[in-house]
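Visitor: Have a look at this fold, sequence not included:
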């Protein structure tokens, strides 16, 4: 995931938002190692950022299962 962010813009994001209690191990440590601020927030508060992507992924997977 972090490699994809670098490949797209040639830089890492300044801040990484993670859902509270999830991805708090290797992903958090690597982001911090790369100089990113890591902020944990309840997942429902992150939906404003990820809701559309999540819905698009869900539709893609449903279509893939039922072509």
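Guide: Right, received. Where do you want to start? Predicted, not measured: the structure shown is a model, and the values here were computed from it. Numbers count the residues shown, from 1 in each chain.
Visitor: Residue 17 in helix, strand or coil?
Guide: Secondary structure for residue 17, judged by DSSP: H, G, I helix; E, B strand; the rest coil, is strand.
Visitor: helices and strands of this structure: which one has the lowest mean pLDDT?
Guide: Within the chain, no helix or strand scores below helix 2-9, which has a mean of 76 by mean pLDDT, DSSP states H and E.
Visitor: gap between stretch 5-12 and the chain center?
Guide: Its chain's average C-alpha position is 14 Å from that of stretch 5-12, according to CA atoms, centre = their mean, to the nearest Å.
Visitor: picking up where we left off before, what does the least confident helix or strand of the chain rub up against?
Guide: With contact meaning CB atoms under 8 Å, 6 or more residues apart in numbering, helix 2-9 is reached by 12-13, 27, 30-31, 34. In short, each C-beta sits where N, CA and C put it, glycine included.
Visitor: of those residues, buried ones?
Guide: Using 16 or more other CB atoms under 10 Å as the burial test, those include residue 31 as buried.
Visitor: Of the contacts of helix 2-9, which is the nearest to residue 63?
Guide: Comparing those against residue 63 with CB to CB picks out residue 27 as the nearest, at 28.4 Å.
Visitor: List the residues that contact the closest one.
Guide: Each residue near residue 27 by CB under 8 Å, 6+ apart is listed here: 1-2, 16, 18.
Visitor: Present those as JSON lines; the columns should include distance to residue 53 and neighbour count.
Guide: Formatted as JSON lines, the contacts of residue 27 follow (distance: CB to CB, whole Å; neighbours: other CB atoms under 10 Å):
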{"residue": "1", "distance to residue 53": "12", "neighbour count": "9"}
{"residue": "2", "distance to residue 53": "17", "neighbour count": "15"}
{"residue": "16", "distance to residue 53": "15", "neighbour count": "21"}
{"residue": "18", "distance to residue 53": "15", "neighbour count": "17"}
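Visitor: Farthest pair within those?
Guide: The most widely separated members of these, counting by CB to CB, are 2 and 18 (12.3 Å).
Visitor: Do a quick rundown of the strands in the chain.
Guide: 15-19, 37-41 (DSSP state E).
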